[in-house]
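Chemist: coords please:
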Amino acid sequence: MLDALTLPHPLSFRTGDAVLRRASEADADAIIALLADDPVSAARGDQAKPEDRELYTSGSRAILASPENDLLVAEVDGAIVATFQLTLIPGMARRGALRLLVEAVRVRSDLRSAGLGSALMRWVTDSAAPELDAALVQLTSDAARVDAHRFYERLGFVGSHRGFKYAVASPSTPGATSR
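Modeler: Numbers count the residues shown, from 1 in each chain. Reported below is the predicted structural model:
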């Protein structure tokens with residue numbers, strides 16, 4: 001986990017207040033539900049099937065055990081309503097700059113367009129990145145997520161690169177067979 005992050009952290013958004021905190025294994029079902037609540041994720045296999053729970057919890061444990069990664073959740077009145085992963089990437093480019101990668105951002109469908117996503121991303125850019133000494137915050141977004149692209153651009157992110165993925169079929173890599 002990214003120990004330098006000051007958590008928990010209060011967040012305010014248009015329709016209420018949330019608390020941003022580090023996820024725990026006990027949060028697995030809520031995170032899985034957020035992934036399945038998203039049509040793009042669901043089409044890639046995130047369908048909250050009970051038989052997949054151990055795969056998710058194994059992934060969660062690996063993220064939280066890594067000093068370069070963290071898995072965060074936002075709570076409103078005790079309910080988990082959003083999640084995302086942060087990964088700190090050291091690099092040679094940009095004179096050895098650290099990059100902060102934001103991955104798997106999900107907000108519960110009934111709270112989308114309520115300002116929670118903006119509050120989360122402002123925390124990433126204004127608090128997390130400086131605390132971690134990251135020079136750049138970057139993310140990828142599926143090409144089908146046109147609304148998300150407008151959202152990130154509205155927050156000041158620039159679609160400066162084109163991303164590519166290559167799925168490797170492997171028994172130990174669930175869901176990697178679809179390209």
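Chemist: Find me the pLDDT at Ser172, would you?
Modeler: As predicted, Ser172 sits at a pLDDT of 63.
Chemist: do Phe164 as well
Modeler: 88.
Chemist: Check Ser178 too.
Modeler: Per-residue confidence (pLDDT) for Ser178: 47.
Chemist: Wait, Ala104 touches Ile32, no?
Modeler: No: at 11.5 Å, Ala104 does not count as touching Ile32 under the criterion of C-beta atoms under 8 Å. From N, CA and C alone the C-beta is placed, and that goes for glycine too.
Chemist: of the two, who's got more company?
Modeler: The residue with more neighbours, out of Ala104 and Ile32, is Ile32; 22 against 16, by other C-beta atoms under 10 Å.
Chemist: for the more buried one, helix, strand, or coil?
Modeler: Under DSSP: H, G, I helix; E, B strand; the rest coil, Ile32 falls in the helix class.
Chemist: Isn't it up against Gln47?
Modeler: No: using C-beta under 8 Å as the test, Ile32 is too far from Gln47 to be in contact (9.2 Å).
Chemist: Nearest residue to the middle of this protein?
Modeler: Closest residue to the average C-alpha location of the chain: Phe84 at 2.2 Å, with C-alpha atoms, centre = their mean.
Chemist: shouldn't it be in contact with Leu101?
Modeler: No: look at Phe84 against Leu101 with C-beta under 8 Å: they stay out of range, at 10.3 Å.
Chemist: for the nearest residue to Val107 once chain neighbours are set aside, helix, strand, or coil?
Modeler: Closest residue to Val107 apart from its sequence neighbours, by C-beta to C-beta, 6 or more residues apart in numbering: Ala82 at 4.5 Å. Classification of Ala82 using three-state DSSP returns strand.
Chemist: And Ala82, what's its pLDDT?
Modeler: Value listed for Ala82 in the pLDDT field: 98.
Chemist: number of nearby residues for it?
Modeler: So Ala82, with other C-beta under 10 Å, has 26 neighbours.
Chemist: Does it touch Leu111 like I think?
Modeler: Yes: with contacts defined as C-beta under 8 Å, Ala82 counts as touching Leu111 at a distance of 7.4 Å.
Chemist: quick one: Asn69 from Arg108, how far?
Modeler: Going from Asn69 to Arg108 by C-beta to C-beta, to the nearest Å gives 23 Å.
Chemist: In terms of helices and strands, where is Arg95?
Modeler: helix 93-96 (DSSP states H and E).
Chemist: Send me that helix as CSV with only the CA atoms.
Modeler: Listed next in CSV are the C-alpha coordinates belonging to helix 93-96 (Å, rounded to 0.1, in the frame of the first residue of the first chain):
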residue,chain,number,x,y,z
ALA,A,93,11.3,9.5,-19.0
ARG,A,94,10.6,13.1,-18.0
ARG,A,95,13.9,13.1,-16.1
GLY,A,96,13.1,10.2,-13.9
